[in-house]
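K.L.:
coordinates only, sequence not included:
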């Protein structure tokens, strides 16, 4: 399905809407690919941030070895859109989820999933074996978030349990330090990441020898530069770097920071009061999580956005500034992942014109 | 499009998902309709809360005089789904929004919109007149939220300005006290509502005589019982009462409270640690706004939900309780409006079985 807005001035897009600044996106994709390639590592970007198979394909065109999905429904959507070498980074433990995993593996010969417990994996393993499939999987290790995954010190037992099942082949490990991605201070984040990943790196040494593993997948946007220094790591899986947001905008990066490619456009609806105006983007368009959105245009000191209900936002103005109804503003959103998940389209823009419209085809895939 | 889950046990729905307890929904719809009818008022429920034209039609079947929409794209979706007497409760001020308003008015002879400023309304009025249409509208009054609308003391001037335009007919006023819906304490809320609405009630007396007005539309779920007592009010426009959430669950109602018809189902993914477990519903499924979600099942003291990232939630357990992977829980969500907007389906359930599946067809309509 095509958007009727291709070729339109950005100023004619109905708001609220999300655009991607095409040169900024291009620069972000190239920069992360160079970071990985330059360190001799593979890049498998995470689609949970952008929810868009077109953008995933753009990442593959830049050299990505595959794409990550957080949920089985995301993995199915990616595979059905023709993306290959999809890694499912979250657990699939119900009969319905197992069915989706088998669907993915049948269409995508490079499909990978993570497992962390032989007892939970057994029904999937038996179904795969019964269908003559061998599911390639990574052992998921918990490196401090306590959310999912086996503890690194229990990795050997978990690997042995999984290796004893039919229909599976252990090809690597995953260790995602989600809790460290926004850690303040470069040196601090690097050291926290090294310490958190150390037990996983040690497990890698033991398991790699025992099972001839090929993949050691780690990291996110905040730690990518340090992840590639870790011994054994073969690939990184950052997501937000492609779009960026106020949350990562506040994080220190080494070298040139990633650009805020993602912009939320909003229109002034009412400007009757001194010091603030009402705009058309509220909770349902700018997800309320993380730091306040940043007013990029008109930008500068004294401009700020706050939520003003489900449908409205409130722009506070610097002394002497005014807004008039129908004026448009651009924001950097608080947290890109859940915000993109509120929209159906990402509009690619350059020099004030909409060049492409990408469907957010993984939107709502949270199962 | 039909859901493949009709007739399935609720326990087989892939999670996270939203269900509506059919008897609870039925009771909520009847109760609010009785509240309005019993006071001699009309009910025009707000669809911004449920984003579902099927549910809107159910409300009309219960006696609602029409349905409210917050944004023009919502209004278009409702009208195209066959809903009639749609009231657009938010501003439409851009050329694109004006086009959508004209679309609605052509299909829905009972269509109403709100206006609050003659200068902003002029382009719409002139387009309507050029097409031989007369747009029926309410003057929107700001009763203290300072978001949109003319101040009640400026109502006469605003009405005169709008009445001088071609293509429009002023048929009423709207006054929405959004800031009072969750005010603590029944007596306190009633008095705050009376005080906030008083200037609008006075404006109604003046304007009703001058323009032979028919509609005075006010209120939400939290004030509905008091709105119907106000002099002049002809209709109420509550939304959340149909679904309910933890936010309204904490609000005191007179008489029997509305039931929590909306349930979020989530599955335990990992339960390795003492005192808590990881479930599959995170920021992208339970919108983080308002009070914490409530664990309804297994319920009771000591159970709580917290967000654990975009894709995960953390269930804290009471002393001695345990969860095991693949177990399912039901939550009352924090804030129903932005949460429903994250999903494509509302599953109607009764006695543990899915009876109907309603598309959330207004989801994402935030323009």
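P.N.:
That came through fine. No experiment lies behind these values; they were computed from the predicted model shown.
K.L.:
Spell out whether the helix or strand where residue A:20 lies and chain B are in contact.
P.N.:
Per DSSP states H and E, residue A:20 falls inside strand A:17-21. Yes: shown here: strand A:17-21 in contact with chain B (CB under 8 Å from any CB of the partner chain) through residue A:17. C-beta here means a position set from N, CA and C on the backbone, and glycine is covered the same way.
K.L.:
Could you list every helix and strand in contact with that strand?
P.N.:
On a contact count with 3 or more CB pairs under 8 Å, 6 or more residues apart in numbering or on different chains; DSSP states H and E, strand A:17-21 meets strand A:262-270, strand A:345-350.
K.L.:
next SSE after the first one?
P.N.:
Next in sequence after strand A:262-270, counting helices and strands by DSSP H and E, comes strand A:276-279.
K.L.:
That following strand - what's its average pLDDT?
P.N.:
Strand A:276-279 carries an average pLDDT of 98.
K.L.:
Show residues contacting the helix or strand following it.
P.N.:
Using DSSP H and E, the next helix or strand after strand A:276-279 towards the C-terminus is strand A:294-297. If you take CB atoms under 8 Å, 6 or more residues apart in numbering or on different chains as the criterion, strand A:294-297 is touched by A:246, A:249, A:260, A:263, A:303-305, A:315, A:329-332.
K.L.:
Filter those residues down to the ones in helices?
P.N.:
Residues from these lying in helices, with DSSP state H as the criterion: A:246, A:249.
K.L.:
Counting neighbours, which of the contacts of strand A:294-297 end up buried?
P.N.:
For the contacts of strand A:294-297, a burial check counting by 16 or more other CB atoms under 10 Å in any protein chain shown picks out A:246, A:249, A:260, A:263, A:303, A:305, A:315, A:329-332.
K.L.:
Dump those into JSON lines; add pLDDT and distance to residue A:12 as well.
P.N.:
Formatted as JSON lines, the buried ones among the contacts of strand A:294-297 follow (pLDDT from 0 to 100; distance: CB to CB, whole Å):
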{"residue": "A:246", "pLDDT": "93", "distance to residue A:12": "26"}
{"residue": "A:249", "pLDDT": "88", "distance to residue A:12": "27"}
{"residue": "A:260", "pLDDT": "97", "distance to residue A:12": "22"}
{"residue": "A:263", "pLDDT": "98", "distance to residue A:12": "15"}
{"residue": "A:303", "pLDDT": "97", "distance to residue A:12": "24"}
{"residue": "A:305", "pLDDT": "98", "distance to residue A:12": "22"}
{"residue": "A:315", "pLDDT": "98", "distance to residue A:12": "21"}
{"residue": "A:329", "pLDDT": "98", "distance to residue A:12": "16"}
{"residue": "A:330", "pLDDT": "98", "distance to residue A:12": "15"}
{"residue": "A:331", "pLDDT": "98", "distance to residue A:12": "18"}
{"residue": "A:332", "pLDDT": "97", "distance to residue A:12": "22"}
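K.L.:
how much space between the residue nearest to residue A:298 when sequence neighbours are not counted and chain B?
P.N.:
Excluding its sequence neighbours, the residue lying closest to residue A:298 (CB to CB, 6 or more residues apart in numbering or on different chains) is residue A:329, at 6.8 Å. Separation of residue A:329 from chain B (CB to the nearest CB, to the nearest Å): 14 Å.
K.L.:
Distance check, residue A:329 against residue A:293.
P.N.:
10 Å (CB to CB, to the nearest Å).
K.L.:
Spatially nearest residue to residue A:72 (excluding sequence neighbours)?
P.N.:
Sequence neighbours aside, residue A:100 is the residue nearest to residue A:72 in space, at 4.1 Å (criterion: CB to CB, 6+ apart).
K.L.:
List the contacts of the one you found.
P.N.:
A:72-73, A:75-76, A:92.
K.L.:
Out of those residues, which comes closest to chain B?
P.N.:
Of all the contacts of residue A:100, chain B sits closest to residue A:73, with 7.4 Å by CB to the nearest CB.
K.L.:
Do I have it right that residue A:213 meets residue A:174?
P.N.:
No: contact criterion CB atoms under 8 Å: residue A:213 and residue A:174 do not qualify, at 11.2 Å.
K.L.:
quick one, the strand holding residue A:20 and strand A:345-350 angle?
P.N.:
40 degrees (axes from the mean of the first three to the mean of the last three CA atoms, to 10 degrees).
K.L.:
looking only at pLDDT, what's the mean for strand A:17-21?
P.N.:
Rounded mean pLDDT across strand A:17-21 is 98.
K.L.:
chain center to that strand: distance?
P.N.:
Centroid separation for strand A:17-21 versus its chain: 17 Å, with CA atoms, centre = their mean, to the nearest Å.
K.L.:
which residues are contacting that strand?
P.N.:
A:10, A:13, A:243, A:259-265, A:339-340, A:343, A:345-350, A:354, A:358, B:367.
K.L.:
which bits of the stretch 101-250 of chain A sit near chain B?
P.N.:
A:116-117, A:120, A:142, A:146-149, A:151, A:178.
K.L.:
at 7 Å instead, please
P.N.:
Within the stretch 101-250 of chain A, the positions adjacent to chain B are A:120, A:146-148, A:178 by CB under 7 Å from any CB of the partner chain.
K.L.:
which ones among those residues are found in strands?
P.N.:
The members of those all map outside strands under DSSP state E.
K.L.:
The lengthiest helix in chain A: which residues count as buried?
P.N.:
In chain A, assigned by DSSP H, the helix with the most residues is helix A:186-211. Buried residues in helix A:186-211, counted by 16+ other CB under 10 Å: A:189-190, A:192-193, A:196-197, A:199-201, A:203-204, A:207-208, A:211.
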